[in-house]
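Participant: Pasted the sequence and its predicted model underneath.
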Amino acid sequence: MKEKIKFGVSTWLWTSPFNSDTVELFPKLREMGFDYVEIPVEDPEIIDAEIVKEALIENKLKPIICGAFGSSRDLTSTDISIHENCFQYLEACFKLSQSLDAGFVAGPMYSAVGKARLLHPEERKAEWNLAVKNLRKVCEMAEKYNQKIALEPLNRFESDLVNTAEQVLNLVQDINHPSAKVMLDSFHMTLEERNLQQAIELVGDQLIHFQVSENYRGAPGTGQTRWDDIKKGIENIDYSGAISIESFTPHVQELAGAVCIWRSFHPSQDKFATDGLSFLKSLFNSN
């Protein structure tokens, strides 16, 4: 009998930045029925790995580590010192991920989020080559900590480098390192992919993490996303990773401004999580 899909949720749905006190959310997440918790690492220095690990064990949750990549962590910057800053940040993420028994660090680590410009093809190629070069270094670092990286395509308004499943697969192939893998996010996919099922199937066994929300960033099952296509794609590649809800709260102004969340999408953030989880379980584990 095939093992049922496991589900997670990002703490960004409630708060930012994640710190050692954020583990106070964990009992609620377990009570809601989540198996995984996504830990967005905005500042590694405010996260005590031992406190987090103890809380994970106590609440029977598994961790997923996600990175945050702003202009000071841009591997395609013209400033080499910014590359070094990103390398140091990612090493801290790998150390945290290893200490929490997670297997990878996920995110759009090829460039800074929000970097969207019209470039000449030669300039674009140069940035691509720089991303490949630096991400190969990241993969070599990840390997030392027994980790992988899960590269995430973003929609065209948040990145001008990697928007689609095809592009991220090309990036992984160019990096050509066993630690380089893929993460997909249904929100970005609804903006960029012609066919959600085919995009998932194209990535295939390179997919190690899958994030979901509605086309408008709301709770899964409340919008226009073609969930039937997503389900077919996930089933056809025998995906065995977690499916995790990622959205945000307008009540944390700095984060809300960064992701352009200007209104609430659900009666409460708790209900967002429980309604979304209920829908996902009925969709993926109904057979």
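Facilitator: Okay, I see it. Numbering: from 1, shown residues only.
Participant: all helices of the chain, in order?
Facilitator: Counting by DSSP state H, the chain forms helices over residues 26-32, 49-58, 80-99, 121-144, 165-175, 186-192, 196-203, 227-236, 253-259, 269-284, given from the N-terminal end onward.
Participant: Minimum distance to residue 154: which of those helices has it?
Facilitator: Judged by CB to CB, the one of the helices of the chain that comes nearest to residue 154 is helix 186-192, at 5.4 Å. Just so you know, the C-beta spots here come from the backbone N, C-alpha and C atoms, and that holds for glycine as well.
Participant: Pull out the buried positions in that closest one.
Facilitator: 186-190, 192 (16 or more other CB atoms under 10 Å).
Participant: between the helices of the chain, which gets the lowest average pLDDT?
Facilitator: When those are compared by mean pLDDT, helix 253-259 comes last with a mean of 83.
Participant: Of all the residues in that one, which ones are buried?
Facilitator: For helix 253-259, a neighbour-count test (16+ other CB under 10 Å) marks 255-256, 258 as buried.
Participant: Could you dump these into CSV with distance to residue 149 added?
Facilitator: Supplementary listing: the buried residues of helix 253-259 in CSV, determined by distance: CB to CB, whole Å:
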residue, distance to residue 149
255, 23
256, 27
258, 22
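Participant: Name the nearest residue to residue 82, sequence neighbours excluded.
Facilitator: residue 74 (5.4 Å; CB to CB, 6 or more residues apart in numbering).
Participant: mind listing what the one you found touches?
Facilitator: When contacts are counted by CB atoms under 8 Å, 6 or more residues apart in numbering, residue 74 touches 82-83, 86, 111-112, 115.
Participant: Farthest-apart pair in the residues you listed, please.
Facilitator: Between all members of these, the longest pairwise span (CB to CB) is found for 83 and 115 and amounts to 14.3 Å.
Participant: Quick check: of the contacts of residue 74, which has the highest neighbour count?
Facilitator: In terms of neighbour count, residue 111 stands highest of the contacts of residue 74 at 26 neighbours, by other CB atoms under 10 Å.
Participant: Residue 91 touches residue 141, doesn't it?
Facilitator: Yes - checked against CB atoms under 8 Å, the pair residue 91 and residue 141 is within contact range at 5.9 Å.
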